[in-house]
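[1] Coordinates for the following, if possible.
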Amino acid sequence: MYEPQNEHEKARINQFWRQADQSNGADACWLWTRNCGFAGRKGYGQYYFNGRKITAHRMAYQLVCGPIPPKMEVCHTCDTPSCCNPKHLFPGTHQQNMQDRSRKGRPFTPA
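    From the prediction side, this is the model:
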């Protein structure tokens, strides 16, 4: 779990969670309600934190689960790019992510 370093970070984290629609409950997809789809990341939420752009699902994973291991992606069990519910996220290599996509029968859709 990520611990804010100062009051500004704490406020930004609170703002982050307010931008994820959690109204359908703890087990539902928490859809990102702000900007989605910056170049190369079609449908994924984006957020600026500590001066850098990060996808919302990666931010959510790091806040709840801790750092993302090196060379790992944050994958969705729900297959919903704008979802940032940490219960729906897991770390995996790019190959594991692509195997998961294929196993579920989702087509490759380049950004």
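
[2] From residue 29, how far off is the closest residue to residue 84 other than its chain neighbours?
    The spatial neighbour of residue 84 that comes closest, neighbours along the chain excluded (CB to CB, 6 or more residues apart in numbering), is residue 60 at 3.9 Å. The C-beta positions use only the backbone N, C-alpha and C, and glycine is treated the same way. Summarising the geometry, the distance separating residue 60 from residue 29, computed by CB to CB, to the nearest Å, is 11 Å.

[3] Identify the contacts common to these two.
    Counting by CB atoms under 8 Å, 6 or more residues apart in numbering, the common neighbours of residue 60 and residue 29 are residue 85.

[4] The two: which has the busier surroundings?
    Each of residue 60 and residue 29 has its neighbours counted (other CB atoms under 10 Å); residue 60 has more, 26 against 19.

[5] Next up, the contacts around the more buried one.
    Residues touching residue 60, when contacts are defined by CB under 8 Å, 6+ apart, comprise 16, 20, 30, 84-86, 89.

[6] Quick one: buried ones out of the residues you listed?
    Buried positions within the contacts of residue 60, assessed by neighbour count (16 or more other CB atoms under 10 Å), are 16, 20, 30, 84-86, 89.
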